[in-house]
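Enquirer: no sequence on this one, just coordinates:
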């Protein structure tokens, strides 16, 4: 994540948010709320092997 963030900042993208769902035990509803509050243009997801199926279920960010 640090490498990706550094690359994005070098090209002028600096409104970058990182939510560590596993470390902070963020549930689906809370993750969806946080993503909706941020209203991102792009979402990237990463995972370690044991939680790959959980990462696949990241809720879509719905903005009204």
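Expert: Okay, I see it. Computed from a prediction, not measured in an experiment: that's the story for all the values here.
Enquirer: low-confidence ranges in this protein?
Expert: Along the chain, segments meeting pLDDT under 70 span 50-51, 58-64.
Enquirer: which one's the longest helix in it?
Expert: As assigned by DSSP state H, the longest helix anywhere in the chain is helix 28-38.
Enquirer: Would you mind listing the buried residues in that one?
Expert: 31-32, 35 (16 or more other CB atoms under 10 Å). Any C-beta I mention is one placed from the backbone N, CA and C, and that applies to glycine too.
Enquirer: would TSV of those residues with distance to residue 5 be doable?
Expert: What follows is the buried residues of helix 28-38, written out as TSV (distance: CB to CB, whole Å):
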residue	distance to residue 5
31	19
32	23
35	17
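Enquirer: closest to residue 3 among those residues?
Expert: residue 35 (22.2 Å; CB to CB).
Enquirer: ok, so what distance separates the closest one from residue 11?
Expert: According to CB to CB, to the nearest Å, residue 35 stands 23 Å off from residue 11.
Enquirer: try residue 32
Expert: Using CB to CB, residue 32 is found at 28 Å from residue 11.
Enquirer: Check residue 43 too.
Expert: Counting by CB to CB, the gap from residue 43 to residue 11 is 18 Å.
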